[in-house]
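Student: Fold the following.
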Amino acid sequence: MKKQLFFLLAFITSITVSAQNLAIGGTAIATSGNASLAIDDNAGTRWESDKSDPQTWQVDLGQAKYFNTIQIVWEGAYAKTFTIEAGNDLGADGFLTGGTKIASITDQTLSGFPYTQTLTLPNAINARYIKFNGLARGTVYGYSFWEFRVMNVTSQTLTTFSVAPTTALKNAATTAGVNASTKVNTPIPLTIKSLDQYGVNYSTNGITYDVTGAGGTVADGMFTPTAKGISTITATLGDKTSSFSVYAYDGDNLALNKLVDKSGETNGFTAAMAVDGDNGTRWVSGTPADASVTDYNAFITLDLAAYYDIDYVDLFFENANSDTYTIQFSADGTKWADAYSESKLGGFNGGHYGYCNNTTDNKQVRFVRFNSTKAGTVYGVSLYELQVFGSNKTNILDTKAPVLDVAETGTVGTDNVTLNLKATDNISSITYVITDAANKKTYTTTGANGTAITYNIAGLSDGTSYSYSVVAKDANGNASEAKTVTFSTSAQPKPTVSAPTPTQDAANVKSIYSEHYTSVAPDNFFNTWGSANEAISSYLVTTGDNVEKITNFGYLGNEFKTTFDMSDMDYLHFDVYPDKDMTIGVTPITQGGEKLLTFDVKGNQWNSLNIPLVSYMAANPNMNFKYTFQIKWANGDQKTLLYLDNIYFYKDVAPDTEAPVLNIATVTPGSTIAKFTLNATDNKAAINYTITDVTNSKTYTVTGASGTDVIYTITGLKANTAYSMSVVAKDAAGNASASKTVEFTTTSSSLVATPSADSIVSISGEWDATDFATIDCKYKASCYDMTAVTSIPNGTGLNTANPNALIISAVAGKINKNEVVKKVDNSGYNGYNIQFNEQFNDNATTHDICTAISPITTIAPSFHRVFDRASIYFTTVLPFDVATFTDLIAYELKSSTVVGGVTTLIFNKVTSLQKGVPYLMFANTGGAHFHSDGETIINFTTSPIPFNGGSLKSTYTAITGIKSAQKIYALKNDAAAADMTLCSDSVPALRSYIQLDELNTNTLNIQLGEVNGIHNISEDAIKALFNVYSINGQIVKTNASRSSLISLPKGLYIINGKKVLIK
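Tutor: Presented below is the predicted three-dimensional model:
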């Protein structure tokens, strides 16, 4: 229900505004979000607040101005309750103070967005500042409006005026202008549109109505017909008029359960559903074998069991409507007259189609047929309901009783039974009367003549025997002989005592469902949202306590209908009674998401669960209990019976004096990091760990759940250094565990880069995985981040400020179909974070660069990459060939070998780049390329080459057509734009990854050589004896060792199959 303070007259409608918006050109502020987007006169931008209450938005008109109309164009995240103030004074916070409240809306419900809400004030206001106060949100999101308009509408002239039925017939144009239909004395709502020259609502006071024809009255926005036939209603406001017509029918729906023939039907959507009086069920005709064919007959035939003059026929189509059809009448079921017809309706045109104008073929009709000759869609013909109304009934002499062919039990449950029924009659449809004499109850249902039906009776007692008498009657009251149906419901487990009485003080409880507390969500409801075969009902325990009963439990939700702040509560409590031992899952659902936690519960007894809310937040930190709107139970097998009671949140106010117990405090050191494993238990679940490095005056903290291992990594340590740190676990009350001392020594890291006079660089050394931001690669794959390199040419380190060099090493063929490379947290990067697609496998879509979509003109693409400084290494793969480039040294991976546990990558310098090939690059840019913001731009140029239209999203995907590696995967681009448009003048770079052939090594040697293939030897790469050859292939030294190379003359040699320069 919506409440309004009537110091304003509020009109709510969708309108187009052409009056001057005084807010344009003003300035806006808000407690959150970009306030100015609501006064930029752009219907495509909007203000959006944080997801919390309250929120304030304010506009400054620049000076005091007169206004009398405010319009808010809601995006969808509307305000359920809000006020608007106006005034001329600001407080210290910049918002209006001492203003006058000019509007107040309470508990409104809006739909049909974007929604323009117009507030017309009774008197003009003169003010500079207008403040919107959002007090309660209508959704779980924030407050959001596209535009906030302020207008001063002075002289109004009525320019647009219309009055029409809110729900109109779809075929009004072909029904002699009849716009709508209704039963005699049944009102239909009217929609009134009245706008002035500015598109602002014009007062509807003074509208007069004139009704001609059958007759009726207009009151409170409704037209009520008083007699059968067509009435024409003419509305007048000022010099404007608007007319519409309504047909009123009388009597009962003659079509109800009168089906005698059909063309076909689809399982679950029977033809009988089109005449069952239920607008929620429907007949679907079915389709031919070739579903694309729409020209076919689909019909249903009714026997009205008497002769009538047909007054009105109504067809209510689902969107799979008929394109072409006729409605036919017959007195004998053999000779048919076409009474009404439609054609070329097209598809997806559902709604009501009414027919009331036939005056020649509608006399003394017994049979009615809907006959479709063409479907509007490929989904068959779908009809919710066919209704027929008539008068001047002539009975058919009938003294013959129906024959009750079938009356038997179908399925019997613990509290319900399904009966199978079928009867035949010479004329009419069947009414079944089912009598439970012992319990003095009678049930009735109807069905078509000769059609088998099922009827379910619920609310029975379990473990009880029943005996029913079933009789079939026709329309004239002739009754069949009775049949007796007997059955016994099965017994089911049930609680014989109430759930334990809660002991929490009501002041500390926010109850959802319990007889012991007042619910904070009185409109809450249980629902399964169509999950399997669950049945929900209320059960009264013999001790007098109502509990919720769930049969065939699989999934259950309790929705509050609005959000509640549970952030000041500590526990979720509920009592559950299952019929067997089981594991049940439960989670509150909050604005930030949910996390199902599971608990083992015992069968045939009450189980009381008190779940700490911090356990949910530890499992899903995004959960925000300030905005809680549902509780979900899951993990049922869809066979279990259970009962729920006493569902509430509560605050634990008992003082906590029990300290946590620190069970585990161990460390795995690397060269610059230490990975701690921590585990503590506490009576209140939440644990705060403090790690103290007294020597270096540093403290580290991390939070976890009770009894759950927490992994915490300290970075920035020195290699080969001894550390002693203490660990303490504290609970929320500040109780501290006994301290544990952890002593360790970081490992050595020999990964270095050695320059030479010939600018040949060898990056080599030994490390373990903890030296790097290691990515979890499954199936023996290892991924090494070269940010751990501490020394390279020109003194610039490949460190956390350089996110551009990453090598992924994996055994060939080990990352295969359906295997995953997972995410790595590179939060230390100053550049873009590295994230892998969770679907990172051979099934990932491979995007061809610039696939043919629409040709564009020939362009000269360029490679553009921005760094915060010069002299850094990075990897790249380009979507085009590059003939020449400047300011860079480029290396291509030529081969890789393993000698004595050392993996060696051989990179040779190249002078041109090929599309799709990965390169290791060194950016040695000069001062001329430095901009005032300290960034560096590196440019490639190519010859003009043709491209076709297309784009590639910033995803992770395999790049095809590459050389020298098992697989190359592209990261998202480093450009500012979210998408990489590869077919434009500016092409962002793609990072590349190099996957090696071998893995079983902890030593990696990277050698960078010249175009001629000459490499500077890295001593760390040679771990075994080898032979040395001259450049001509003659052996120079056998079984040489690393130290014996010093005695060789300077020159070129072949060592381990590579050219090596000895100086």
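
Student: you'd agree His573 is up against Ser608?
Tutor: Yes. Using CB atoms under 8 Å, His573 is in contact with Ser608, at 7.2 Å. Quick note: C-beta positions are derived from backbone N, CA and C, even for glycine.

Student: what is in contact with those two at once?
Tutor: Residues within reach of His573 and of Ser608 at once, by CB atoms under 8 Å, 6 or more residues apart in numbering, are Asn646.

Student: Among those two, which residue is more densely surrounded?
Tutor: Between His573 and Ser608, counted using other CB atoms under 10 Å, the more crowded position is His573 (20 against 14).

Student: and that one, that one's in a helix?
Tutor: No. Using DSSP: H, G, I helix; E, B strand; the rest coil, the assignment for His573 is strand, not a helix.

Student: need the contact list for it.
Tutor: Pro502, Gln504, Ser608, Leu609, Asn610, Ile611, Asn646, Ile647, Tyr648, Phe649, Tyr650.

Student: would you list those in JSON lines and tack on distance to Leu662, pLDDT and secondary structure?
Tutor: Converted to JSON lines, the contacts of His573 look like this (distance: CB to CB, whole Å; pLDDT from 0 to 100; DSSP: H, G, I helix; E, B strand; the rest coil):
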{"residue": "Pro502", "distance to Leu662": "34", "pLDDT": "94", "secondary structure": "coil"}
{"residue": "Gln504", "distance to Leu662": "30", "pLDDT": "92", "secondary structure": "coil"}
{"residue": "Ser608", "distance to Leu662": "29", "pLDDT": "96", "secondary structure": "strand"}
{"residue": "Leu609", "distance to Leu662": "27", "pLDDT": "96", "secondary structure": "strand"}
{"residue": "Asn610", "distance to Leu662": "24", "pLDDT": "94", "secondary structure": "strand"}
{"residue": "Ile611", "distance to Leu662": "24", "pLDDT": "94", "secondary structure": "strand"}
{"residue": "Asn646", "distance to Leu662": "35", "pLDDT": "96", "secondary structure": "strand"}
{"residue": "Ile647", "distance to Leu662": "35", "pLDDT": "97", "secondary structure": "strand"}
{"residue": "Tyr648", "distance to Leu662": "33", "pLDDT": "97", "secondary structure": "strand"}
{"residue": "Phe649", "distance to Leu662": "30", "pLDDT": "96", "secondary structure": "strand"}
{"residue": "Tyr650", "distance to Leu662": "28", "pLDDT": "95", "secondary structure": "strand"}
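
Student: Just the buried ones from these?
Tutor: Neighbour-count burial (16 or more other CB atoms under 10 Å) applied to the contacts of His573 gives Pro502, Gln504, Ile611, Asn646, Ile647, Tyr648, Phe649, Tyr650.

Student: Run through the bridge partners of the last one.
Tutor: By that I understand Tyr650. Note on Tyr650: beta-bridge partners Val509, Tyr571, judged by DSSP bridges.

Student: Tell me how far it lies from Val576.
Tutor: 17 Å (CB to CB, to the nearest Å).

Student: quick one, domains of this structure?
Tutor: 3-154, 160-249, 259-395, 403-488, 506-650, 661-745, 1025-1062 (automatic domain parsing).

Student: top strand in this protein by residue count?
Tutor: strand 115-137 (DSSP state E).

Student: Mind pulling up the pLDDT for the residue lying closest to Ala30 once chain neighbours are set aside?
Tutor: Counting by CB to CB, 6 or more residues apart in numbering, Ala30 lies nearest to Trp57, which is 4.4 Å off, once chain neighbours are set aside. In the prediction, the pLDDT value recorded for Trp57 is 97.

Student: Next: Ala458.
Tutor: The predicted local confidence for Ala458 is 85.

Student: Pretty sure it sits against Thr418.
Tutor: No. Applying CB under 8 Å as the test, Ala458 and Thr418 come out as separate, 9.7 Å apart.

Student: Which one of these two is surrounded by more residues?
Tutor: Between Ala458 and Thr418, counted using other CB under 10 Å, the more crowded position is Thr418 (14 against 11).

Student: so that one touches Thr411, yeah?
Tutor: Yes. Counting by CB under 8 Å, Thr411 is a contact partner of Thr418 at 4.8 Å.

Student: What values do phi and psi take at Thr69?
Tutor: Main-chain torsions, Thr69, degrees, to the nearest 10: phi -140, psi 130.

Student: Do you have the helices of the stretch 501-650 of the chain handy? List them.
Tutor: Assigned by DSSP state H, counting those that start in this stretch, the helices in the stretch 501-650 of the chain fall at 613-619.

Student: Show me the strands in it, by range?
Tutor: 509-513, 525-527, 535-540, 546-553, 556-564, 571-578, 582-590, 597-601, 607-612, 628-634, 640-650 (DSSP state E, counting those that start in this stretch).

Student: helix/strand/coil for Arg37?
Tutor: Actually, residue 37 is Leu. It isn't Arg. Once three-state DSSP is applied, Leu37 turns out helix.

Student: Number of residues surrounding it?
Tutor: Leu37: 20 neighbours (other CB under 10 Å).

Student: and it, what is it in contact with?
Tutor: Contacts of Leu37 by CB under 8 Å, 6+ apart are Thr45, Arg46, Trp47.

Student: which residue packs closest to it, ignoring adjacent ones?
Tutor: Counting by CB to CB, 6+ apart, Leu37 lies nearest to Thr45, which is 4.3 Å off, once chain neighbours are set aside.

Student: can you check Asn395 too?
Tutor: Ala306 (5.4 Å).

Student: With Ala227 instead?
Tutor: Using CB to CB, 6+ apart and skipping the chain neighbours, the partner closest in space to Ala227 is Ala214 (4.4 Å).

Student: In contact with the one you found: list those residues for me.
Tutor: Pro225, Thr226, Ala227, Lys228, Gly229, Ile230, Ser231, Ala248.

Student: thinking again about what came up before, could the strands of the stretch 501-650 of the chain go into JSON lines alongside distance to Ala674?
Tutor: Below are the strands of the stretch 501-650 of the chain laid out as JSON lines (distance: least, CB to CB, whole Å):
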{"stretch": "strand 509-513", "distance to Ala674": "43"}
{"stretch": "strand 525-527", "distance to Ala674": "50"}
{"stretch": "strand 535-540", "distance to Ala674": "53"}
{"stretch": "strand 546-553", "distance to Ala674": "47"}
{"stretch": "strand 556-564", "distance to Ala674": "42"}
{"stretch": "strand 571-578", "distance to Ala674": "35"}
{"stretch": "strand 582-590", "distance to Ala674": "35"}
{"stretch": "strand 597-601", "distance to Ala674": "31"}
{"stretch": "strand 607-612", "distance to Ala674": "30"}
{"stretch": "strand 628-634", "distance to Ala674": "38"}
{"stretch": "strand 640-650", "distance to Ala674": "39"}
